[in-house]
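In: Structure for this input, please:
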Amino acid sequence: MPKIFKWKGYRFHFFSNEGDPLEPIHIHVQKGVCRAKFQIDPEICLVSNFGFNSHELNEFENKIREEADLIRRKWNEYFNN
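Out: Next up is the predicted model:
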């Protein structure tokens with residue numbers, strides 16, 4: 001489970017096995033038992049949420065927008081090598 005970054009105690013990562021065929025670029029956010037998944041392309045949007053409140057989800061979306069280039073680069077480095 002490659003970690004992309006940690007922010008405010010939240011782990012932003014993707015899984016090593018992201019489907020066959022490979023799913024589009026996305027990021028998982030996790031803290032404790034709470035988790036969410038955000039699509040990155042073609043636009044950033046929430047795919048699923050288990051336990052986070054709307055304030056947290058808005059913060060995640062903003063942080064993901066800031067880090068979108070990093071997320072894409074790390075995804076491509078990991079899955080396209």
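
In: what packs against the stretch of helix or strand residue 35 belongs to?
Out: Assigned by DSSP states H and E, residue 35 belongs to strand 34-39. Of the remaining helices and strands, those touching strand 34-39 by 3 or more C-beta pairs under 8 Å, 6 or more residues apart in numbering; DSSP states H and E are strand 26-31, strand 45-50, helix 54-79. Using the backbone N, CA and C atoms, a C-beta is placed for each residue, glycine as well.

In: I'd like those as JSON lines, with distance to residue 13, mean pLDDT and mean neighbour count appended.
Out: Output for the helices and strands packed on strand 34-39, formatted as JSON lines (distance: least, C-beta to C-beta, whole Å; pLDDT from 0 to 100; neighbours: other C-beta atoms under 10 Å):
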{"stretch": "strand 26-31", "distance to residue 13": "5", "mean pLDDT": "97", "mean neighbour count": "20"}
{"stretch": "strand 45-50", "distance to residue 13": "15", "mean pLDDT": "98", "mean neighbour count": "13"}
{"stretch": "helix 54-79", "distance to residue 13": "10", "mean pLDDT": "96", "mean neighbour count": "15"}
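
In: Count residues in the vicinity of the nearest residue to residue 79 once chain neighbours are set aside, would you?
Out: In space, residue 79 comes closest to residue 22 once its chain neighbours are excluded; the distance is 6.0 Å by C-beta to C-beta, 6 or more residues apart in numbering. Residues within reach of residue 22, counting by other C-beta atoms under 10 Å, total 11.

In: same question, residue 52
Out: Neighbour tally, residue 52, other C-beta under 10 Å: 19.

In: and it, helix, strand or coil?
Out: Put simply, residue 52 is coil when judged by DSSP: H, G, I helix; E, B strand; the rest coil.

In: Would you confirm that residue 2 contacts residue 79?
Out: No: taking contacts as C-beta atoms under 8 Å, residue 2 lies outside contact range of residue 79: 9.7 Å.
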